[in-house]
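In: Requesting a structural model of the entry that follows:
(4 chains)
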2 protein chains.
Amino acid sequence: MGQTNPPFMSGIPELLLLRLLAQRDMYGYELVRSIRLITGEAIILGEGVIYPVLHALERSGALKATRKAVDGRTRVYYRMTAAGRKRLSRLQGEWQRIQSGLNMALDPETDVPT
Amino acid sequence: MGQTNPPFMSGIPELLLLRLLAQRDMYGYELVRSIRLITGEAIILGEGVIYPVLHALERSGALKATRKAVDGRTRVYYRMTAAGRKRLSRLQGEWQRIQSGLNMALDPETDVPT
DNA sequence: AACTATACCTCGCAGCACTAGGTATATCAA
DNA sequence: TTGATATACCTAGTGCTGCGAGGTATAGTT
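Out: Numbering: from 1, shown residues only, chains lettered A, B, ... in the order given. Coordinates of the predicted model:
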């Protein structure tokens, strides 16, 4: 019945997309490439991950999609909305919190309390 | 039908446990508390997460369990094995890679390549 | 004609983390 | 003594995320 909290380490694909789209409008296929490149192959998210997230972000009003024809191919460009910027800063905060907790715990200097 | 890769952001509970047990032997309930405390409440993993992971780590030979009676209660202490230390450094490497990629991508200084 | 790259899409699944329950003993307050 | 809280262990079931694998279509290259 009741809705469950999402796993504590999820939503990173969403965060990455919003972060990239904060800089400029991009289309799905381009975002897939960019994430691979910008992370030096450390993070590779396939189209099967990216497209559904983009659709969800559009449905929720965080992004606005615009179809554009280029060289006979159709690209769907995404532009961040005000709601998207809000969502981004929220996710960034959450992630920063998790990350600093994680670094605390993983830091070899930190010793485990009794 | 082959085996699928695990999601790219998973295995953090395992990593945390191994990291804590690298310092000293601990028991399950204690590990639950420690993770909550050491991360300043940023990461809270319940017993439903911790115990199954501990059992899996024991089965795989990364940990060795020892039952110890204290005050009429039974505690199961876990000690890291050589295999566990190997597993830890492997996970640490993987995580560091992911994390630096992530920081690259999320850093506002980084600009998205064309 | 075959192959690669671009560019979009979605179904179905695996596996992870989580919730929600269960057992049992010790301690302390009402 | 009854109830509540803390300690300490455990597992069955499930929601959801991310993923793989496939599909469509056009353009360019071999």
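
In: residues in contact with A:L15?
Out: Applying CB atoms under 8 Å, 6 or more residues apart in numbering or on different chains, we find A:L15 in contact with A:L88, A:L91, A:Q92, A:W95, B:L106. Any C-beta I mention is one placed from the backbone N, CA and C, and that applies to glycine too.

In: so when I look at it, I'm seeing a helix, right?
Out: Yes. Judged by DSSP: H, G, I helix; E, B strand; the rest coil, A:L15 forms part of a helix.

In: circling back: helices - which of the contacts of A:L15 land there?
Out: Using DSSP state H, A:L88, A:L91, A:Q92, A:W95, B:L106 are the members of the contacts of A:L15 that sit in helices.

In: The first one contacts A:R19, doesn't it?
Out: Right, A:L88. Yes. Assessed by CB atoms under 8 Å, A:L88 is found in contact with A:R19 at 6.7 Å.

In: Show me which of the two is the more surrounded one.
Out: A:R19 (22 against 19; other CB atoms under 10 Å in any protein chain shown).

In: Check the offset of the host helix or strand of the more buried one from the chain's centre.
Out: Here A:R19, judged by DSSP states H and E, is contained in helix A:12-21. In terms of CA atoms, centre = their mean, to the nearest Å, the centre of helix A:12-21 is found 2 Å from the chain centre.

In: Is DNA strand C within reach of that helix?
Out: No. Shown here: helix A:12-21 not in contact with DNA strand C (CB under 7 Å from any atom of the strand), separated by at least 12.4 Å.

In: Would you give the sheet partners of the next helix-or-strand element following that helix, along with the direction of each?
Out: Once the chain leaves helix A:12-21, the next helix or strand it forms, by DSSP H and E, is strand A:26-27. The strands beside strand A:26-27 in its sheet (DSSP bridges) come out as strand A:73-80 (antiparallel).

In: Taking helix A:12-21 as reference, get the angle to the partner strand.
Out: Inter-element angle recorded for strand A:73-80 and helix A:12-21: 90 degrees (by axes from the mean of the first three to the mean of the last three CA atoms, to 10 degrees).

In: What is the burial count for the residue nearest to A:G101 when sequence neighbours are not counted?
Out: Spatially, and ignoring its direct neighbours in sequence, A:G101 is nearest to B:A42 (2.8 Å; CB to CB, 6 or more residues apart in numbering or on different chains). If you count neighbours by other CB under 10 Å, B:A42 ends up with 20.

In: what are the phi and psi values for A:G40?
Out: phi 60, psi 40 (degrees, to the nearest 10).

In: Can you name the residues that contact it?
Out: A:G40 sits next to B:G101, B:M104 when contact means CB under 8 Å, 6+ apart.

In: confidence score at it?
Out: With respect to pLDDT, A:G40 scores 95.

In: And it, how close does it get to B:S100?
Out: Shown here: A:G40 relative to B:S100, a distance of 8 Å by CB to CB, to the nearest Å.

In: Which neighbouring elements make contact with the helix or strand that A:R67 is a member of?
Out: Using DSSP H and E, A:R67 maps to strand A:63-70. If you count contacts as 3 or more CB pairs under 8 Å, 6 or more residues apart in numbering or on different chains; DSSP states H and E, strand A:63-70 packs onto helix A:47-59, strand A:73-80.

In: quick one: is that strand near DNA strand D?
Out: No. Counting by CB under 7 Å from any atom of the strand, DNA strand D is not contacted by strand A:63-70; separation bottoms out at 9.6 Å.
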